[in-house]
Structures are given as structure tokens and as C-alpha cells.
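> got a predicted model here, sequence first, then my questions.
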Amino acid sequence: MDLLTIIINGLSIGGIYAMIALGYTMVYGIAKMLNFAHGDIIMVGAYTVVLLFTTSPTVGIISALVLCVLVGIIVEKAAYRPLRGASPLAVLITAIGVSKLLQSAAQIFIGSEPKGLTLNLGEIRLGSLHISVLTLLTILISVAVMAGLTLFVKYTKMGRAMVAVSEDRGAAQLMGINVNSVITVTFIIGSALAALAGVFLLFKSQSVDSTFGAMPGIKAFAAAVIGGIGSIPGAMVGGVVLGFIEAIFAATPLRDYVDAIEFAILIIVLLVKPTGILGKKRREKV
Amino acid sequence: MNKKEKFFSVMKKVGTGAQKFSKNYLNYTVILAVMLVFTIFALATPMKDSTALLFQKITVAVILAVSLNFVVGFLGELSLGHAGFMAVGAFLGGKLSTILVNALGANSTNIFILILSLVLGAVCAAVCGVVVGFAALRLRGDYLAIVTLAFGEIVRVVFINSSYDNAINKINATKLPEFIKNFFAKILELLDFGGALGLQSPSFPKKKMYILVIIGFLLILFTLFVIQNILKSKTGRAITAIRDNEIAAKAMGIDVTKHKLMVFVISAAFAGMAGVLFSYANKPVSASSFGYNYSIEILIMVVLGGMGSINGSIISASLITILNEFLSKKLTGDNAIYKDLFYAVILILVIIYNNAPALKNLREKLNLKNLVGKLFNKIFKRKPNPSSVASDAARWDVVPTKIEMNEVLSTDVVIDYTGENSADIDERGGSDNGKEN
């Protein structure tokens, strides 16, 4: 594989990871919790697309978005909201429970057989280089989504409210911000991003089962941590870094060990610079 | 009247004696009793293979749950990689027993080889525990949970790709001198853990499984002996002090580094032993059984049994294993999935019930300990004793977590090396959570 192919592959995988990582980082920054069920929202999105793609691709993708957002809202209201103010460890274990619940629910409703879907949009040829349109589309859409999200957080009222809640929930509430609705909006955005990522992951791997989202979810969390959790540009950087690592090692004999290498890099980053590449330094109050 | 008073005073004495006994020796006694009953049954009547296997699974689960509780419930750090330590024990201990059984031509039920591989499995897992423990010194809360999860995944990926048949063939095809070829082949043979197919470890035949169960019971007793005695000692109080407030513990002169490392190493060593037991009961030992899901299953046992309660872990590990076996018999085929759904729902409900701030009054009303205590006081006309020391178990609504989440959502691309932006927080008094910890 030549260098340019590796770069393009890295960007497309990285774009998907970045979209998932954004969901993690926003929920972590605002609701102060590690949403372990985020990866399974990806699975919900991918399943919806697979089941509805034959009727109409547009309907499939739109209903995936809607369903993921609904699942995100329900999970937040039913499982996480009662625990607001409780020990973070309890919330974390609940999130693990929600993740298991979504996985087994998917198995019950859809079956444990993997469902497949192949989509070929052709490829573009530039000299000796062959790029599939899907890969290009993945890169373009992920870049657009990230740019849109950055603008949203920077310039809209809701975006500023998000930053405020993340910095000091109490003070934000005193300023008249409805913290509950801000957290709900965060979950909506995160779930919509997860749905999009699920669609692209599905087109890439061409089959989906109930644990489809678990590994990409954990890896995207690793990306968010590598980039610096809480930081929106950090999530993008981390996602792209992880995507490149994956693309580079896929071209070497070490490809079977790529998961182990990624997690090893995560551990090293956490030990050397726990705040990640772009993360803010944390303060500990006594 | 006099007689009645005498009777009550005797009863009171019996009560306090029983309390003392139940606090210190009850679990040893119960486990010994179960073990004796099991041994008698196994020797007297031909035991069903499935029963022996169920008991074997229970012993492994209890050791795992108790050792995980030592980290999660008493040190207050979440570990999501307990199955990783178990895998290290299962593969390295299993490999040693494979080599020894083949080399000595011994029977697979040779107790001496089993003990040797238990020791090796424990030592190797403990070494991994040191590595993760060092991460625990720098990180806490969610970050540490992620590191332990990553550790578990690394272990799984390494063992699943550990088949070296191709490499040996490649070396044999080269034109290297014979002795170098042999040398490489020997090394690769040592490193060959069977890959995706699993390690063909020596295992107890089904008729002799009861011996493994008895060894498992003895190991549970050993685990309890070590962990409970540590918890009762000065070291144990230091560990719970670190859980409740690390900074205060440091100020009291407690060596946080030493204690954290110690807890991780001991917990990992016992998980490694459980892994060796597992490798003796399952053939082949497949790396895919030690994934993230298995770690979560152990965590569920600890959470449902009560974090910081050793007896709770023993009971819930046994019950969940029995329930698992029962459900997987009842729910065959596609219905088997309902088991996972059931556990997920129970886990969420238990956590919400135990932790939701809105349910605090309900919890206090329905607290079993309080209800039993009230009943006890009514029967024996005892006044509640205000000076009694509160239970040492972790109280979730108060402390036992060091997860401190100050990460702030930001859109800045400037790398913040100095932390000057948060100088205002400094003034309120705070220490840097960076490298010097």
C-alpha cells in the first residue's frame, strides 16, 4: 500500500472515530459521566439502516438518526437522570448496565445472526490511486459535522450554555440556564453523531451484530482521552491519530495486534500526559 | 421475674458472642461445612458431572469476586480488567502444567504440578498487577477504569494471536544452521498458547473433578484468610482510609503508593490463581472467554453483593453462578439472550435503588439491617446502642470514589501547559492533580 492510500484510509477511519469521540467528550464534559452505552447507540443506528435500507436508503438513514436520538433521550431520562448527584462510580456501572441492556435487546428483537449490507458507490481514479467514493464521502461528512459542531458550541446560545454548564453547573443554573435541558441536548447531539458514525462504520464493515458498537466505542473513548477529554478539537485530533495508527498498522505484519497497540498507546498517553494532547489541566480541590 | 431477667441476660451474652463469631469466623465455618458436605457426598455417591462442574465454577467465581472487591470495594478504584489477570494466570499456569505433564509423563491430576502452576499463575498475574498498579498511582477514577479495560483487551489480543505454527515453518524453511533453528523453535514453542483455538491444557477428568472443587474450596479459604486479615490489620485501615479520602490519608502519614500497589498485586495474584483453576477445568482454554464481558460479569457480582462486603461477594458470586447455570438450562437456544437482559435490568435497578438521591428516604425505610435491628430491639427490649461503631462497608452515597471530574468542555486549540487559565481556582486552595501525585 502506498502512502497516499494509507493517509486517506487513516482520515476516513479517523473521521468515524472522531464523530464517536465527540459524543463521549461532550457528555463527559457536561454531564461529567463516562457514557459506556454510547458505543451501543452506534449499533442501534447501524441496525436501523440495515433493516430499512432496502425500502429506501434515505428513509433508513433518517430513521437511524431519529431512533438513535430517541434512545439517547430515553436512556438519559430513565437511567442517568435519577442518579444525578450520586457517586460517579454508580453512574458508570449503570452505563455499563445500559450497554448490556441495549445489546441483549437488539439480540432479542433482531436475532443474534449478523446482518449484512453491501453498498458500492464506485471509485474515483487519480492516476494510479483508487479511492472509493464512500471513503471520500466519510471524510467530507465527518469534516462538515465537526466544523458545524464547533460553530454551534462557539456561537449559539445553547452552545455557550453547554460550555457554561460544563465549567460550573451551579453558577450556570443561577444564570438561568436550564441544566437538565442542556444535558438532554448534549445527549441528542451525541446520539445523532453516533448514528452517523454507525452508518459509515456499517458501510465500511458491511455487517452488523449486537456487539457491533462495543469495540469502536471503546476505541473512540481512547481517542477522546488521547486528544484530551472535554476538548472538542482534542476529540477530533485523537480520532484522527487513532485512525492513522490503525491504517498504518493494517499495512504491516502486526495487523493482528492493532487493538493491543492502540490500547498500549492509550495507556502510555495516560501515564505521560493524563490530560491528553489538547486537554486542560485538572485541579483537585481539597 | 428474676428468671426472666436471667434468661434475657444469658440470651444477650449468647447474642454478643454470636455477633463476635459471625464477624470473625462465620464465613470460614460455612465454607468449611459446605466443603465437608461436598466431600462426603462426592466420596459416598457418584456425583453428577454437572454438579461437580457447577461447584468448580462457584469456587472460581467466589475467588474472583472477593479479590475484585478488595480493589473496588476497599481501595475504591474501579477495575474493569479483572478477567485479564485471570487470563494471565490461566495461560501461563496452564502452559507450565502442560509442559510439566508432558515432560514428566505425569498424570494430569498430579497435585504437585497443580500447586506449581498455581504459584506461577499467581506470580505472573501479580507482576501484571504491579504494572496496572503503577498506572493506579498516576490516574484515578474513570481514567484508571479505562486503563484496566485496555489492559484486559491487550492481554486478550496477545493470547488470541499466540499461535506460532507459521513462524516455526518459516524458520525451518530458512537456511540457518540447525542449532539456531532448534533454538528458535524451542522459544516459539514456549510462547505458543494455541492462538484462537486455545491452549490444550491438562485438565481433570470429569470423574475426578471433585478433587479440583476441594482444592478450589481450600483456595477460597486461603483468599479469605489473606484478605480478611489484611483488612483487619493496620494496613487494612490504611487502605480504607485511602478510599475515603486520599489526601487526608496522605496527611496522616499513610504511604499511598505502597498500599495501592499492594492491593492491586494481591488482587491480581488471586485472580491468577482462579485462572489456573479455570484452566484445569476447561480444555481448551480460549482467550475469547476472558474478554471485557467477563470482567463486567465479575463486577456485577461484586456490585450486587455489596461493595466492601466480603460475605456479600461470596453469596452473590455463588448465587449468580447457580442462577446462570439454572437459566442456561431453562433458556435454551434463542431464549438464552433473556438471561443477559435480566442481568442488565437487575443491575440498573439495583444501582438506581441504592444510589438515587431521590430514593434516600425509601431506602432508609426499607433498610433490612434497620428493620432487623428494630425487631431485635423490640424482642429483647434492648435500647439502641449509640456508641456502636458503624459498619465498615463502603457507603456509596458518601464517599468511596475518587472520581473527580473537572474536565471542562472547550473549543480551544491552544495547548494548556501552564494551567494559568484556572489560576482563580488555585486561590481557593487546591493542589495540582498533575505529575507529582
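Alright, I've got the coordinates.

> quick one: contacts for B:G198?
B:P284, B:V285, B:S286, B:A287 (Cβ atoms under 8 Å, 6 or more residues apart in numbering or on different chains). Heads up, the C-betas are built off the backbone N, CA and C, glycines and all.

> next up, the contacts around B:I352.
Going by Cβ under 8 Å, 6+ apart, B:I352 touches A:A79, A:P82, A:L83, A:T94, B:L359.

> now the residue most central in space within chain B, what's its secondary structure?
Central residue of chain B (Cα atoms, centre = their mean): B:L68, 2.5 Å from the mean position. Put simply, B:L68 is helix when judged by DSSP: H, G, I helix; E, B strand; the rest coil.

> gap between stretch A:188-196 and the chain center?
Centre-to-centre, stretch A:188-196 and its host chain are 8 Å apart (Cα atoms, centre = their mean, to the nearest Å).

> which one of the contacts of B:I352 sits closest to B:I227?
Taking Cβ to Cβ as the measure, A:T94 is the one of the contacts of B:I352 closest to B:I227, at 27.1 Å.

> just to revisit the earlier point, any chance of the contacts of B:G198 in TSV, plus secondary structure?
Output for the contacts of B:G198, formatted as TSV (three-state DSSP):
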residue	secondary structure
B:P284	coil
B:V285	strand
B:S286	coil
B:A287	helix
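
> now those: which count as buried?
Burial by neighbour count, 16 or more other Cβ atoms under 10 Å in any protein chain shown: within those this picks out B:V285, B:S286, B:A287.

> residues touching the second one, list them.
Neighbouring residues of B:S286 by Cβ under 8 Å, 6+ apart: B:A196, B:L197, B:G198.

> chain A versus that one, what's the distance?
Distance from B:S286 to chain A, counting by Cβ to the nearest Cβ, to the nearest Å: 16 Å.

> quick one on the thing from earlier: chain A: which of the contacts of B:G198 is nearest?
For these, the minimum distance to chain A (Cβ to the nearest Cβ) is 11.7 Å, reached by B:A287.

> one step back: now the residue nearest to the centre of chain B: how far from chain A?
13 Å.

> you'd agree that residue is up against B:A271?
Yes. Using Cβ atoms under 8 Å, B:L68 is in contact with B:A271, at 7.5 Å.

> shared neighbours of the two, anything?
With contacts defined as Cβ under 8 Å, 6+ apart, the residues shared by B:L68 and B:A271 are B:H82.

> quick one: contacts for the residue nearest the centre of chain A?
What sits nearest the mean C-alpha location of chain A, by Cα atoms, centre = their mean, is A:I20, with 1.0 Å. Applying Cβ under 8 Å, 6+ apart, we find A:I20 in contact with A:H38, A:G39, A:I42, A:L193, A:A194, A:A197, A:P216, A:G217, A:A220, A:A223, A:G239.

> where does pLDDT dip in the stretch 51-200 of chain B?
In the predicted model, the stretch 51-200 of chain B carries pLDDT under 70 at residues B:140.

> break chain B into its domains for me.
B:1-45, B:49-341 (automatic domain parsing).

> any idea which of the ones you listed is most buried?
Highest mean neighbour count of those: domain B:49-341, a mean of 20 (counted as mean count of other Cβ atoms under 10 Å in any protein chain shown).

> end to end, how far does that one reach?
Using Cα to Cα, to the nearest Å, one end of domain B:49-341 lies 29 Å from the other.

> on that earlier part again, which ones are touching the residue nearest to the centre of chain B?
B:S79, B:H82, B:S267, B:A271, B:I298, B:L299, B:M301, B:V302, B:S313.

> residue contacts, the fifth one?
Which is B:I298. Applying Cβ under 8 Å, 6+ apart, the residues near B:I298 are B:A61, B:L64, B:A65, B:L68, B:H82, B:A83.

> chain B: strands as residue ranges?
B:430-432 (DSSP state E).

> can I get the domains of chain B in a markdown table including distance to A:L51?
Converted to a markdown table, those look like this (distance: least, Cβ to Cβ, whole Å):
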| stretch | distance to A:L51 |
| --- | --- |
| domain B:1-45 | 50 |
| domain B:49-341 | 18 |
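
> which helix or which strand is home to the residue nearest to the centre of chain A?
Secondary structure from DSSP states H and E places A:I20 in helix A:3-30.

> which one is residue 238 nearest to, not counting chain neighbours?
Picking chain A for this. Spatially, and ignoring its direct neighbours in sequence, A:G238 is nearest to A:G227 (2.7 Å; Cβ to Cβ, 6 or more residues apart in numbering or on different chains).

> wrong chain, I was asking about chain B
When the adjacent residues along the chain are set aside, B:A238 lies closest to B:I254, with 4.7 Å between them (Cβ to Cβ, 6+ apart).

> between the contacts of B:G198, which is closest to B:M35?
The closest of those to B:M35 turns out to be B:V285 (Cβ to Cβ; 25.4 Å).

> list the residues that contact B:Y343.
Residues near B:Y343 by Cβ under 8 Å, 6+ apart: A:K100, B:I300.

> what do you get for the one 10 residues further on?
Listed by Cβ under 8 Å, 6+ apart, the contact partners of B:Y353 are B:L359, B:R363.

> give me that answer again for 7 Å
B:Y353 makes contacts with B:L359, as judged by Cβ atoms under 7 Å, 6 or more residues apart in numbering or on different chains.

> quick check, the residue nearest to B:A238 in contact with B:R243.
No. Counting by Cβ atoms under 7 Å, B:I254 does not reach B:R243; the two are 11.3 Å apart.

> leaving out sequence neighbours, find the closest residue to B:I337.
A:Q107 (4.4 Å).

> next, the one you found: phi, psi?
Backbone torsions for A:Q107, taken as degrees, to the nearest 10, come to phi -60, psi -40.

> show me what from the stretch 151-300 of chain B comes close to chain A.
Within the stretch 151-300 of chain B, the residues that sit near chain A (Cβ under 7 Å from any Cβ of the partner chain) are B:E153, B:I154, B:V157, B:V158, B:N161, B:I247, B:I296.

> what about 8 Å?
With Cβ under 8 Å from any Cβ of the partner chain as the criterion, the stretch 151-300 of chain B meets chain A at residues B:F151, B:E153, B:I154, B:V157, B:V158, B:N161, B:I247, B:Y292, B:I296, B:L299.

> what's the farthest-apart pair in these?
Longest distance between any two of these is 42.8 Å, between B:N161 and B:I247; criterion Cβ to Cβ.

> just to revisit the earlier point, in the helix holding A:I20, what counts as buried?
Buried, per 16+ other Cβ under 10 Å, within helix A:3-30: A:5, A:8-30.

> and it, how far out from the chain middle?
Offset of helix A:3-30 from its chain centre (Cα atoms, centre = their mean): 8 Å.

> same question for stretch A:164-177.
The chain centroid and the centroid of stretch A:164-177 are separated by 26 Å under Cα atoms, centre = their mean.

> report the mean confidence score over that stretch.
When pLDDT is averaged over stretch A:164-177, the result is 90.

> does any part of the helix or strand that A:E262 is a member of sit near chain B?
Assigned by DSSP H and E, A:E262 belongs to helix A:258-272. Yes. Helix A:258-272 comes into contact with chain B (Cβ under 8 Å from any Cβ), by way of A:D259, A:A260, A:F263, A:A264, A:L266, A:I267, A:L270, A:L271.

> is it possible to mark the buried ones in the residues you listed?
In the residues of helix A:258-272 next to chain B, burial by neighbour count holds for A:D259, A:A260, A:F263, A:A264, A:L266, A:I267, A:L270, counting by 16+ other Cβ under 10 Å.

> now do the contacts for A:L136.
So A:L136 contacts A:I8, A:S12, A:I124 (Cβ under 8 Å, 6+ apart).
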